[in-house]
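Peer 1: following is a predicted model, sequence given first.
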Amino acid sequence: MTARLLAVVDLGSNSFHAQLAHVTPGAPPVISVIDRARATVQLAAGLRRDGTLSDAAQRRGLRVLRHFGDVLRSWQPHAVRVVATNTLRVASNRAAFVQRGTTLIGHPIEVIPGIEEAHLIYRGVAYAVPPRPERRRLVLDIGGGSTECAVGDGHAVHLAESRPVGCVTLTRQRFPRGLITPGHLRTAIDVASQAMADVAPRVRALGFDEAIGSSGTIQSAGAMLAAAGVTDGTVTSRGLSELEGALCRAGRVAGLALPGLRPDRANVLAGGLAVLRAAFDTLGIEELRVSPGALREGVLLELHARAAR
């Protein structure tokens with residue numbers, strides 16, 4: 001079988017991504033990314049207390065889906081999969097958005113369950129950071145509206161979970177008026193810890209030899225620690241303490257300017273780091289290596305496997 005041109009669109013709670021890649025058969029297959037498109041939508045910021053998604057958030061998302069439809073038509077891939085995650089899982093009025101978005105992008109939008117998302121993330125991380133024999137692995141991914149974790153050996157997953165706490169929702173809910181104080185940070189960590197309380201005993205019972213993190217919050221934490229010379233990009237408990245101190249000294253969500261932090265991540269960093277600290281404390285993580293691959297790579301590998309059947 002020859003290489004196939006495949007595309008994945010990831011409708012996350014913080015940002016939307018489209019990725020085009022050649023996937024060449026092999027053991028494992030080889031993913032060669034050709035082009036990318038990205039837009040910060042912060043769909044989760046539009047979730048109202050009654051569980052509906054605001055009109056403004058829907059307009060932001062639909063605008064990007066129209067653009068991504070043009071992008072996909074210019075790419076002309078052999079196969080496309082469009083997946084949506086936590087915000088569209090929980091929004092009670094998602095049906096109209098999904099229907100309109102499917103028309104605009106030209107492909108069905110699949111709202112995937114959290115456990116499926118965790119499995120796909122684990123698969124994408126296993127591709128990007130090949131597992132080592134006889135080393136059980138914990139994979140952690142903090143998104144805009146949910147946090148996924150999975151424990152496995154090699155490519156076999158023993159536990160996959162999704163918890164409804166993420167960087168966008170927690171920043172919005174627990175840092176009133178955008179103020180960052182030690183008290184606000186502690187409260188946010190407690191909320192995230194409670195969200196993980198039922199998962200933590202099962203993770204600890206399985207145990208793990210290494211922990212790998214993926215996606216925006218964790219990649220940002222690694223980049224900031226490397227820029228500050230605290231670590232080589234690995235996230236550690238001490239490093240997290242340094243970042244928490246920097247956040248509290250900055251005092252505000254808006255306009256955070258820390259070395260290694262992308263401007264588009266600044267206004268969701270406080271909630272993301274609170275989830276990360278909660279994960280360290282509740283799951284028993286000592287250090288977290290950072291993976292360049294996650295959900296999108298997992299979806300590309302699944303698309304490739306489907307084509308090979």
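Peer 2: Received it, and whenever you're ready, just let me know what you need. Since the structure is predicted, the reported quantities are computational estimates derived from the model, not experimental observations.

Peer 1: show me where the stretch 151-300 of the chain has strands.
Peer 2: Using DSSP state E, counting those that start in this stretch, the strands found in the stretch 151-300 of the chain span residues 156-163, 210-214, 235-236, 287-290.

Peer 1: model confidence over the shortest one, on average?
Peer 2: Along strand 235-236, the predicted confidence averages to a pLDDT of 98.

Peer 1: in its sheet, what does it sit against?
Peer 2: When pairing is defined by DSSP bridges, strand 235-236 lines up against strand 287-290 (antiparallel).

Peer 1: which parts of the partner strand are buried?
Peer 2: In terms of neighbour count (16 or more other Cβ atoms under 10 Å), strand 287-290 has its buried residues at L288, R289, V290. All C-beta atoms are positioned from the backbone trio N, CA, C, and that covers glycine.

Peer 1: hmm, who's touching it?
Peer 2: Contacts to strand 287-290, defined as Cβ atoms under 8 Å, 6 or more residues apart in numbering, come from residues 129, 140, 210-214, 218-219, 222, 233-237, 280.

Peer 1: OK, contacts around the residue minimising distance to the centre of the chain?
Peer 2: For the chain, the residue sitting closest to the mean C-alpha position, by Cα atoms, centre = their mean, is G143 at 3.6 Å. Under the criterion of Cβ under 8 Å, 6+ apart, the contact list for G143 reads G12, S13, N14, T85, N86, G166, C167, S215, G216.

Peer 1: can you give me the helices in the stretch 101-250 of the chain?
Peer 2: Listed in chain order, the helices of the stretch 101-250 of the chain (DSSP state H, counting those that start in this stretch) span 114-128, 167-174, 182-195, 200-206, 216-227, 237-250.

Peer 1: of the ones you listed, give the one that comes closest to L62.
Peer 2: L62 sits nearest to helix 167-174 of all the helices of the stretch 101-250 of the chain, at 18.3 Å, using Cβ to Cβ.

Peer 1: so how far is the first residue of stretch 18-33 from its last?
Peer 2: 11 Å (Cα to Cα, to the nearest Å).

Peer 1: buried stuff in that stretch?
Peer 2: A18, Q19, L20, A21, H22, V23, P29, I31.

Peer 1: which of the residues you listed fall within strands?
Peer 2: Among the buried residues of stretch 18-33, the ones falling in strands (DSSP state E) are A18, Q19, L20, A21, H22, V23, I31.

Peer 1: my guess is I218 contacts D141. True?
Peer 2: Yes: under the criterion of Cβ atoms under 8 Å, I218 makes contact with D141 at 7.4 Å.

Peer 1: those two: who's more crowded?
Peer 2: D141 (28 against 25; other Cβ atoms under 10 Å).

Peer 1: circling back to that earlier point, any chance of the buried residues of stretch 18-33 in JSON lines with distance to S74 and pLDDT as columns?
Peer 2: Formatted as JSON lines, those follow (distance: Cβ to Cβ, whole Å; pLDDT from 0 to 100):
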{"residue": "A18", "distance to S74": "11", "pLDDT": "98"}
{"residue": "Q19", "distance to S74": "14", "pLDDT": "98"}
{"residue": "L20", "distance to S74": "10", "pLDDT": "98"}
{"residue": "A21", "distance to S74": "15", "pLDDT": "97"}
{"residue": "H22", "distance to S74": "16", "pLDDT": "95"}
{"residue": "V23", "distance to S74": "19", "pLDDT": "94"}
{"residue": "P29", "distance to S74": "24", "pLDDT": "92"}
{"residue": "I31", "distance to S74": "20", "pLDDT": "95"}
